[in-house]
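Undergrad: Sharing a sequence plus its predicted fold:
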Amino acid sequence: MRRKLVIAGGGIGGLAAAVALDRAGEDVAVHERAPAFCDVGAGMSLWPNATRILRNWGLLEQVLALGEPVTHFDLLCPDGSTISEIPMGSADSPAVCLHRADLHRVLRQALSPEKLVANHGLASFSQAANGRVTATFTDGSEVEADGLIGADGVGSAVLSQLNTGASPVYRGYTIWRGIARDVRVGIRGHISETWGSGRRFGIMPLGKDLVCWYATHNGPAARPDGPSGRKREIQDLFKGWHDPVSRLIEATDPETILKNDARDRAPLRRWTHGNVTLLGDAAHPITPNVGQGACMAIEDAACMAKCLKADGHLGRALLAYERARLPRTRYVGRQSNRIGAIGQFENPFLVRARNVIARALLLFSHDMALNSVYSYQI
Ligand SMILES: Cc1cc2nc3c(=O)[nH]c(=O)nc-3n(C[C@H](O)[C@H](O)[C@H](O)COP(=O)(O)OP(=O)(O)OC[C@H]3O[C@@H](n4cnc5c(N)ncnc54)[C@H](O)[C@@H]3O)c2cc1C
């Protein structure tokens, strides 16, 4: 019998879960707090560990048609010289950069519209002794179901009720993201990150004449915009950096520049209680240094579907999902923090040593560390 599962949150994670579970024969509905299902955000990278899953779901062709394939990752110095050029082509599935809104739309369109309930934020839930769940929404309505999946992001209402005592950790730097239009950048298929002192600048062509850029800088959490405005502040921080850094910032509408603190959370020891579980950022937010947050949510979704197919007992299957995902997401989160901490070095001696060592070691260590990320099979 099809089990009825409520998914709270319609971001990349909630939609991916709905696609995977729907295809596994479960009866799912996604309840999203926002008035409509859409995703703004900026650009993102999807790596082979996620594109392999999208291919299994029959969605990869659409995603590739909307984005720009990635063949190389270039690590650069602020003067434009190369620290390392890492080929990405050896995996069995491609890497691609695209606008988040495009991925969101592809996932949405893979679901029938009645499975998507907008303007329906989860307020709380209760669980009966037999595991059945009652989800209560902010408008006072209730939905009874066999299980509840909290895919409601880093501030998860489901997590807060599970009472894990989890609190976010600020990693010491601000991240800005923007999208520039009609700016010519380097070689096709190459994305880059430039490492300076306490700051980095990344460039990801998204196709369709769009280029996503991101910039980081060490500083306090929740720092306010400078008096000259967000765009001017970033221009000043990256003044004199290689082309096309300044042109990209210049070609970006200041109103659309996003700003986030680099945050994650100490890993949870568990996130499943009976027939209630978490997925994506609600379970394991990670810093964006390896571009894997959404990829992890897609892996979560595929893993959950596999566990539910393998075991007809819902609570046991969700525990098996949690057990499979805990070490994996912890590992990727650790890698991301390590790369972020090294990339944000500020001390001139450490910066020089980092670049020399990175030149010698990065190809090797990148292959070792990131191939273990990319080659993961559910
Ligand atoms: C600067 C930056 C760059 C990034 N770059 C990449 C990248 O290149 N590649 C990559 O893979 N990842 C990247 N990520 C990470 C990625 O964006 C997230 O990990 C991913 O989007 C998490 O998806 P999610 O669905 O779990 O959470 P979210 O995207 O946060 O979605 C949660 C959804 O739940 C809804 N919601 C919240 N509360 C409720 C409620 N009570 N009831 C119902 N709905 C609710 C929200 O409105 C939202 O729609 C980046 C993140 C940042 C900050």
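TA: Perfect, I can see it now. Everything numeric here is computed off the predicted structure, so don't read it as measured data. Residues are numbered from 1 along each chain as shown.
Undergrad: For this protein, which residues are neighbours of the ligand?
TA: Listed as neighbours of the ligand in the chain under the rule Cβ under 6 Å from any ligand atom: 8-14, 31-34, 44-45, 121-122, 151-153, 157, 175, 177, 260, 280-282, 288, 291-295, 297. Heads up, the C-betas are built off the backbone N, CA and C, glycines and all.
Undergrad: Now, the residues you listed that are in strands?
TA: Within the residues of the chain next to the ligand, residues falling in strands by DSSP state E are 8, 31, 44-45, 122, 175, 177, 260.
Undergrad: ok, the nearest residue to residue 120 once chain neighbours are set aside to residue 149 distance?
TA: Nearest residue to residue 120, sequence neighbours excluded (Cβ to Cβ, 6 or more residues apart in numbering): residue 31, at 4.4 Å. Separation of residue 31 from residue 149 (Cβ to Cβ, to the nearest Å): 10 Å.
Undergrad: Residue 2 now?
TA: 15 Å.
Undergrad: I'd assumed residue 345 was in contact with residue 351.
TA: Yes: the pair residue 351 / residue 345 is scored as a contact, 5.2 Å apart, by Cβ atoms under 8 Å.
Undergrad: hey, what's in contact with both of those two?
TA: Shared contacts of residue 351 and residue 345 (Cβ atoms under 8 Å, 6 or more residues apart in numbering): residue 197.
Undergrad: before we move on, back to that, just give the number of residues close to the residue nearest to residue 120.
TA: By other Cβ atoms under 10 Å, the residues close to residue 31 number 24.
Undergrad: Next one, pLDDT for residue 301 please.
TA: You'll see residue 301 listed with a pLDDT of 98.
Undergrad: which element follows the helix or strand where it lies toward the C-terminus?
TA: Counting by DSSP states H and E, the element that carries residue 301 is helix 293-310. Downstream of helix 293-310, the first helix or strand assigned by DSSP H and E is helix 314-343.
Undergrad: What residues sit buried inside that next one?
TA: 314-315, 317-322, 324-326, 328-329, 332-333, 335-337, 339-340, 343 (16 or more other Cβ atoms under 10 Å).
Undergrad: Helices of the protein, start to end?
TA: Using DSSP state H, the helices of the chain run over residues 12-23, 48-56, 60-66, 100-109, 157-162, 230-237, 245-250, 293-310, 314-343, 348-374.
Undergrad: most packed of those helices?
TA: Mean neighbour count, computed with mean count of other Cβ atoms under 10 Å, is highest for helix 12-23 among the helices of the chain, reaching a mean of 26.
Undergrad: what helices or strands is it leaning on?
TA: With contacts taken as 3 or more Cβ pairs under 8 Å, 6 or more residues apart in numbering; DSSP states H and E, helix 12-23 sits against strand 4-8, strand 27-31, helix 100-109, helix 293-310.
Undergrad: Just checking: what are the partner strands of the first one?
TA: Strand pairing for strand 4-8, determined by DSSP bridges: strand 27-31 (parallel), strand 147-150 (parallel).
Undergrad: Could you check what's spatially nearest to residue 115, not counting adjacent residues?
TA: residue 29 (5.2 Å).
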